[in-house]
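**Student:** Model the following, please.
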Amino acid sequence: MTLKKVLIANRGEIACRVIRGCQELEIPTVAVCSDADLDSPHVKLADEHIVLGPPTPSESYLNIGKIIAAAKKSKASAIHPGYGFLSENADFAQAVEDEGLIFIGPTSDTIRSMGDKAAAKAAMQKAGVPTIPGFSGLIGDVAEDIAADIGYPVLVKAVAGGGGKGMRVVHDSSELETAISAARNEAQNSFGDDRLILEKYLKNPKHIEVQIFSDNYGNNIHLFERECSIQRRHQKIIEESPSPAIDDKMRKKMGKAAVDAAKVANYRNAGTVEFLYQSGKFYFLEMNTRLQVEHGVTEMVTGIDLVKLQLKTAAGEKLPFTQSDIALRGSSIQCRIYAEDPSNGFIPSP
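**Tutor:** Sure thing, here's the model as predicted:
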């Protein structure tokens with residue numbers, strides 16, 4: 001199987017990154033853009049481009065129908081979703097699959113199951129991956145009893161959540177009802193899904209994520225970890241590899257757990273397993289079913305081009321190495337710059 005032409009369903013840095021990977025493998029590329037992005041770098045880098053429409057994301061980069069139509073019009077054989085936008089949208093991956101195109105990422109079934117925090121946690125428990133203590137089902141009218149069994153403080157968390165939305169820390173029973181109501185409303189407004197789970201709240205744990213990669217033949221590896229504990233508004237600011245918080249023994253344990261997570265999820269292509277680490281123990285937090293913004297940190301310390309590996313395995317190639325072939329080389333760090341408006345409560349500002 002070969003990738004005859006790849007459409008990149010994204011813009012900005014990640015679109016340019018994927019286009020460069022395709023160019024190095026001599027794969028023709030198609031950029032998509034809104035009217036406002038017609039002069040953007042990714043459009044100029046690609047071999048061809050298709051304008052999706054107005055700059056509103058729902059009319060361009062989030063419009064599944066338009067992106068599928070662009071792929072068919074350009075005769076692209078595969079779609080790379082990048083990160084953000086539709087990259088973790090199971091319906092988009094399903095639509096790509098239904099059209100007989102290659103989705104450069106995990107299957108729609110994997111995206112759907114790992115995007116549901118309750119289902120993902122249950123799958124990890126089945127695989128023996130450590131999970132945060134808490135109630136494994138959805139919380140309902142017996143939330144107060146569940147919280148008492150777990151022990152305060154607890155964390156109310158949206159099943160479909162992300163980026164800190166639909167989350168509330170509860171320190172005692174008097175706060176529980178209000179927190180559940182607020183989290184449920186925020187989850188419904190943000191994700192269209194008001195289901196919640198309840199977990200033990202870990203105060204100031206380390207946040208460590210492990211890069212995983214799987215081919216289409218059941219071969220799974222990890223490419224070590226990235227330390228991402230320094231965050232603002234639940235968004236990562238500093239990413240570092242290797243993590244200074246763990247030793248080699250713990251690194252091996254976390255890497256094995258990440259590979260076990262990939263296996264139980266029937267994973268393929270690039271992904272990340274996130275853990276919380278505290279007092280010598282680690283717990284599964286979530287799986288990100290896409291290439292992450294921070295993938296370059298891993299590339300620097302392993303010497304492996306993750307984007308080209310995505311393209312090659314999507315085309316049907318097997319992983320060209322085993323776990324024992326991969327070694328850490330030096331260290332790498334990435335810093336993000338956030339634009340905020342200090343005159344308006346430091347809200348994010350474009």
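**Student:** Please count neighbours and contacts with C-alpha atoms only from this point.
**Tutor:** Will do.
**Student:** ok, T131 to V96 distance?
**Tutor:** When Cα to Cα, to the nearest Å is applied, the distance between T131 and V96 equals 32 Å.
**Student:** right, and S60 touches D37 too?
**Tutor:** No. Between S60 and D37 no contact is recorded; they are 10.5 Å apart, counting by Cα atoms under 8 Å.
**Student:** Between the two, which is the more surrounded one?
**Tutor:** Under the neighbour definition other Cα atoms under 10 Å, S60 and D37 were set side by side, and S60 has more, 22 against 16.
**Student:** Could you tell me which residues make contact with the nearest residue to the more buried one once chain neighbours are set aside?
**Tutor:** Closest residue to S60 apart from its sequence neighbours, by Cα to Cα, 6 or more residues apart in numbering: L52 at 5.1 Å. With contact taken as Cα atoms under 8 Å, 6 or more residues apart in numbering, L52 is in contact with 32-35, 59-61, 66-67, 70.
**Student:** and if we set it to 7 Å?
**Tutor:** By Cα atoms under 7 Å, 6 or more residues apart in numbering, the contact set of L52 is 32-34, 60, 66.
**Student:** any idea whether I212 is helix, strand or coil?
**Tutor:** When classified by DSSP: H, G, I helix; E, B strand; the rest coil, I212 comes out as strand.
**Student:** Just give the nearest non-adjacent residue to it, would you?
**Tutor:** Closest residue in space to I212, ignoring its immediate chain neighbours: H222 at 4.3 Å, by Cα to Cα, 6+ apart.
**Student:** Same check on D172?
**Tutor:** With Cα to Cα, 6+ apart, the residue lying closest to D172 is Y152, at 6.0 Å.
**Student:** Check what pLDDT that neighbour gets.
**Tutor:** In this model, Y152 is scored at 96, pLDDT.
**Student:** what's the answer for S58, then?
**Tutor:** At S58 the predicted local distance difference test score is 94.
**Student:** Can you get me a residue count around it?
**Tutor:** Burial measure for S58: 12 neighbouring residues, criterion other Cα under 10 Å.
**Student:** can you confirm it is in a strand?
**Tutor:** No. Counting by three-state DSSP, S58 falls outside a strand, being helix.
**Student:** what are the bridge partners for Q231, then?
**Tutor:** In this structure, Q231 has beta-bridge partners K236, where bridges are defined by DSSP bridges.
**Student:** burial of it, as a residue count?
**Tutor:** 12.
**Student:** before we move on, back to that, which phi and psi does the residue nearest to S60 have?
**Tutor:** When quoted as degrees, to the nearest 10, the phi and psi of L52 stand at phi -90, psi -30.
**Student:** separation between it and H80?
**Tutor:** 16 Å.
**Student:** go on, A339?
**Tutor:** Here the criterion is Cα to Cα. By it, A339 lies 28 Å from H80.
**Student:** And N204, by the same measure?
**Tutor:** To H80, N204 is 36 Å away according to Cα to Cα.
**Student:** Same drill for the two, tell me which one is more crowded.
**Tutor:** For N204 against H80, the residue with the higher neighbour count under other Cα under 10 Å is H80, and the figures read 23 against 10.
**Student:** and that one, what pLDDT?
**Tutor:** Each residue has a pLDDT score; the one for H80 is 98.
**Student:** Look up phi and psi at it.
**Tutor:** H80 adopts backbone torsions of phi -100, psi 120, taken as degrees, to the nearest 10.
**Student:** which residues touch it?
**Tutor:** Remark: with contacts taken as Cα under 7 Å, 6+ apart, H80 is in contact with 6-9, 103-104.
**Student:** can you tell me which of the residues you listed are in strands?
**Tutor:** Within the contacts of H80, residues falling in strands by DSSP state E are 6-8, 103.
**Student:** any chance of those residues in JSON lines, plus neighbour count and distance to L138?
**Tutor:** What follows is the ones in strands among the contacts of H80, written out as JSON lines (neighbours: other Cα atoms under 10 Å; distance: Cα to Cα, whole Å):
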{"residue": "V6", "neighbour count": "28", "distance to L138": "40"}
{"residue": "L7", "neighbour count": "30", "distance to L138": "39"}
{"residue": "I8", "neighbour count": "28", "distance to L138": "37"}
{"residue": "F103", "neighbour count": "23", "distance to L138": "31"}
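**Student:** and which of those is nearest T178?
**Tutor:** For those, the closest approach to T178 (Cα to Cα) belongs to F103, at 41.4 Å.
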